[in-house]
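I would like the atomic coordinates for the input below:
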Amino acid sequence: MAVFRLLQRLDLSRCSKFTPCIDKSKSLHSCNYRRFPQCSFLRPKTFGIGPGYQVLSETKVTGVHRYGHTSDGSDQQRSEAGNKEKKTTLSKNNKKEINHFPDGPDQQKGQIDGKGKLPVDILSGSKEKDVNNWQVLRNLMRFVWPENDPGSRVRVVLTASLLVASKGVTVTVPYIFKCLVDNLNEQTNALNVVGEAADMVFILVVSYTLARVTASVCNELRNCVFSKVSQRSVRQVANKVFHHLHSLDLSFHLGRKTGALLDAVNRGSKGISSILSTLVVNLIPTLFEVTLVTCIMYYKFGGTLALATLGCVGLYVATTLAITTWRTKFRKAMQRADDLSRNRLLDSLTNYETVKYFNNEPYEAKRYDEPLAKSEDSNIKIAYSLALLNGTQNLILNIGIFTGMLIACNGIKEGTMTVGDLVMVNTLLFQLSLPLNLLGSSYREVQQNLIDMQSMFKLLGETSLIKDKPDAVDLVCTPQESEIRFENIHFSYVPGNPILQGLSFTVPSGKRIAIVGGSGSGKSTIIRLLFRFYDPEQGRILVNGQDIRDLKMDSLRKEIGVVPQDTVLFNDSIFYNIRYGNVNKTEEDVYYAAKLAAVHKSIMGMPQQYDTQVGERGLKLSGGEKQRISIARAILKDPPVIVYDEATSSLDSITEQNILQALDNVTKNRTTIVVAHRLSTVVNADEILVLENGRVAERGSHYQLLSYPGSLYAELWSKQHEMALKDANNNNANDSIKTEEDLPS
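Below you'll find the model as predicted:
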């Protein structure tokens, strides 16, 4: 708590340098309309659709087209009377909702199920297949005993051989000790016999020492040999999970907390190493040693001692498992509390500015202390239950040793056993108690490791909705041959909330097409479909005449560069983040791309220049700097197709114009799609598409669209310029007032 309060008191400059070292983080995304544009109730009515608004039939005025669409996606004329959008009264407050389907029975049936459609439970994550412990162990054995790695198999066999050798030698130590004691107890009167006895004692002492050293060496060699198998298994599983997570579609990642995924991978990887170590070092050797000791007891001393040994071990194991299972609930409660405290700590520090804005440090400290108190209570219960476990284990072991010694003493009295036998029984039982003492912790670790590994192997069981076909081919694409066509595209994130309805348009090779529209009209969805993060429910997308579903996704995405709306940078240097666009480029290429993106001068003004660390998610940079770095990254990729998703949304007007000039040079003779909110950024586009309710409502050049006064584009252009003019007038008025005040009287 003291550390938490100190962190909250630090200034923002220090917190921007702080990277929380927390195992489990919390997703920083929220269900807002920007992330889930399908949420129609969150969409603002940007295009001025209000009372009296009517959808015109297809009209052509100086190149401006207005379209209506039917469910088959073709552009057809719609009559003014028959194609008004349905409006349904939602409440007494006269709230209204636009029906996205035109009138007609076929159009009102809802979306057609198809490949790529998101599951209903996208917000809570997709369902996972249950993985039991045996499946986990079977999956793990594929990495421990790999088919195409004879070296690992040899190491496993050698490990097993060393295990058998070490335990075999270990159980001979008590027998050598028994012979030594019996030899010293022998009574003889002949001097030469005494000399022979002395030689035998020396041999037995040397044998005893060598046996102990040999057992120790075998144990250490076993650990060394198996460590490579264990660590290679961890590496291979972690790599496989990493590649698998990147192969899953976007819907999977949007429905999951990133921190939970990281936690599953980290804990699962550690669990593999821990469970292999526990099995090879503790459980399997202990089981083998118990078997050997029982057999020796039965063969050497009869069934009574063997039965007593088995009874002691059985009672010990049963009690240990019972108490350990009972203690598990305390550990689970502690883990839940620890996870919650980590999440709250990360959440509070990530939203440092928000905490300061609302002066809520005491409230955050109280929220953080709640799981800490629960963790404290659980840890106390764990300590008490551990004392109970250790005490019970020691009691059972002492009873077992007492019983064995009692039987041996009785055998000595009857003349069937020697003093050496008594020592041997005591040593065997005591030697057996050492690994048994670790049984409780070993069982608990195995149980926890299996749970952790289940979470990780569940991830490997996840299947992607979007995947390459078995016969998928590479995309053949050049700047001169990179036409993009959307044909009759229907798509929805959630059934019943369509985003795109019969969308069709073409981007000719080397041309620049701009897409504008209100929030939630489907602009960003078009980019996601082009990158094949999702598949359309109906229709197809062609790049250079090739259906993208027939292409390898790797080759498709290789030929498309994108500047996203929300730029997220890696917590590394500026140079690293720019070069990420193409890691094979030289330093000069990186500098050239930065100059084209108008960020080179800004970088050179920083103390460490291109080696400047951008911080977590790029928080050390301004929004404009992050966006320009993203643009430089796309320029460095040098693809035939470039997509800009509101790429200048965070830039000031002067920088925006510089960027647009640079983009004009970069995108010349390249197929380009520009998604924009500011219409000033798309003036030079070859064609502008205006989206409304998932359809192309208008299309044409900037001047063609403006020539029709009643168009949505003209209305939006007018509103944006009115706001800009109003802001400029207000600023001029304020400057004038200041000037008058500053004039001398």
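
Residue 223 contacts residue 285, doesn't it?
No. Look at residue 223 against residue 285 with C-beta atoms under 8 Å: they stay out of range, at 11.1 Å. The way it works is simple: take the backbone N, C-alpha and C, and place the C-beta from them, glycine included.

between these two, who's got more neighbours?
Between residue 223 and residue 285, counted using other C-beta atoms under 10 Å, the more crowded position is residue 285 (19 against 15).

Surely that one is within a helix?
Yes. Per DSSP: H, G, I helix; E, B strand; the rest coil, residue 285 lies within a helix segment.

That one reaches residue 163, doesn't it?
Yes. Under the criterion of C-beta under 8 Å, residue 285 makes contact with residue 163 at 5.9 Å.

What segments of the stretch 601-745 of the chain are strands?
For the stretch 601-745 of the chain, the strands defined by DSSP state E, counting those that start in this stretch cover 641-645, 671-675, 687-692, 695-700.

Any buried residues in stretch 353-367, and which?
Using 16 or more other C-beta atoms under 10 Å as the test for burial, stretch 353-367 gives 355, 360-361, 364, 367.

Identify those among those that sit within helices.
Using DSSP state H, the subset of the buried residues of stretch 353-367 located in helices is 355, 361, 364, 367.

what domains does the record give for this structure?
Here the domain assignment for the chain is 133-461, 484-734, based on automatic domain parsing.

winner for burial among these?
domain 484-734 (a mean of 19; mean count of other C-beta atoms under 10 Å).

so which of the domains of the chain comes closest to residue 472?
domain 484-734 (4.6 Å; C-beta to C-beta).

Tell me where the model's unsure across the stretch 1-150 of the chain.
1-132 (pLDDT under 70).

Tell me which residue is most central in the protein.
For the chain, the residue sitting closest to the mean C-alpha position, by C-alpha atoms, centre = their mean, is residue 261 at 3.7 Å.

How about it, nearest residue that isn't a chain neighbour?
Residue nearest to residue 261 in three dimensions, not counting chain neighbours: residue 245, with 6.7 Å by C-beta to C-beta, 6 or more residues apart in numbering.

Now do the SS call for that neighbour.
Per three-state DSSP, residue 245 ends up helix.

re the thing from before, what would the strands of the stretch 601-745 of the chain look like in JSON lines with distance to residue 219?
Putting the strands of the stretch 601-745 of the chain into JSON lines (distance: least, C-beta to C-beta, whole Å) gives the following:
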{"stretch": "strand 641-645", "distance to residue 219": "60"}
{"stretch": "strand 671-675", "distance to residue 219": "64"}
{"stretch": "strand 687-692", "distance to residue 219": "70"}
{"stretch": "strand 695-700", "distance to residue 219": "73"}
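
out of those, nearest to residue 504?
strand 695-700 (7.2 Å).

can you dump the C-alpha coordinates of the closest one into PDB?
The C-alpha coordinates for strand 695-700 follow below in PDB (Å, rounded to 0.1, in the frame of the first residue of the first chain):
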ATOM      1  CA  ARG A 695     -24.100   1.500 -48.700                       C
ATOM      2  CA  VAL A 696     -22.500   3.900 -51.200                       C
ATOM      3  CA  ALA A 697     -25.000   6.800 -51.000                       C
ATOM      4  CA  GLU A 698     -23.000   9.100 -53.300                       C
ATOM      5  CA  ARG A 699     -19.900   8.900 -55.500                       C
ATOM      6  CA  GLY A 700     -17.900  11.300 -57.600                       C
END
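
Residue 437 is in contact with residue 393, isn't it?
Yes. The pair residue 437 and residue 393 qualifies as a contact (C-beta under 8 Å) at a distance of 6.4 Å.

thinking again about what came up before, and of the strands of the stretch 601-745 of the chain, who's closest to residue 443?
strand 641-645 (53.1 Å).

elements contacting the closest one?
Applying 3 or more C-beta pairs under 8 Å, 6 or more residues apart in numbering; DSSP states H and E, one finds that strand 641-645 contacts helix 523-530, strand 560-563, strand 671-675.

Now mean pLDDT and distance to residue 711 too, for the ones you listed, in JSON lines please.
Listed next are the helices and strands packed on strand 641-645 as JSON lines, based on pLDDT from 0 to 100; distance: least, C-beta to C-beta, whole Å:
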{"stretch": "helix 523-530", "mean pLDDT": "86", "distance to residue 711": "18"}
{"stretch": "strand 560-563", "mean pLDDT": "83", "distance to residue 711": "28"}
{"stretch": "strand 671-675", "mean pLDDT": "87", "distance to residue 711": "19"}
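
Rebuild the ones you listed as JSON lines, extending it with distance to residue 376.
Below are the helices and strands packed on strand 641-645 laid out as JSON lines (distance: least, C-beta to C-beta, whole Å):
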{"stretch": "helix 523-530", "distance to residue 376": "46"}
{"stretch": "strand 560-563", "distance to residue 376": "48"}
{"stretch": "strand 671-675", "distance to residue 376": "52"}
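
if we can go back for a sec, and the domains of the chain: which comes nearest residue 475?
domain 484-734 (4.4 Å).

how far is the closest one from where the chain is centred?
26 Å (C-alpha atoms, centre = their mean, to the nearest Å).

try stretch 275-284
Distance, stretch centre to chain centre, for stretch 275-284: 29 Å (C-alpha atoms, centre = their mean).

Need the residues that contact that stretch.
140, 144, 159, 163, 222-223, 226, 229-230, 233, 435, 438-439, 442, 445-446, 449-450, 453 (C-beta atoms under 8 Å, 6 or more residues apart in numbering).

Recalculate using a threshold of 6 Å.
Outside of stretch 275-284, the residues within contact range by C-beta atoms under 6 Å, 6 or more residues apart in numbering are 226, 230, 438, 442, 445-446, 449.

helix, strand or coil for residue 487?
strand.

In the sheet, which residues pair with it? Tell me.
Beta bridges link residue 487 to residue 540 when assigned by DSSP bridges.

show me the contacts for it.
So residue 487 contacts 504, 539-540 (C-beta under 6 Å, 6+ apart).

go on, residue 483?
Contacts of residue 483 (C-beta under 6 Å, 6+ apart): 508-509, 544.

if you set the cut-off to 8 Å instead, what comes out?
506-509, 542-545, 671.

In strands, which of the residues you listed appear?
Members of the contacts of residue 483 lying in strands (criterion: DSSP state E): 506-507, 542-543, 671.

which of the residues you listed lies closest to residue 327?
Nearest to residue 327 among the ones in strands among the contacts of residue 483, with distances taken as C-beta to C-beta, is residue 543, at 59.1 Å.
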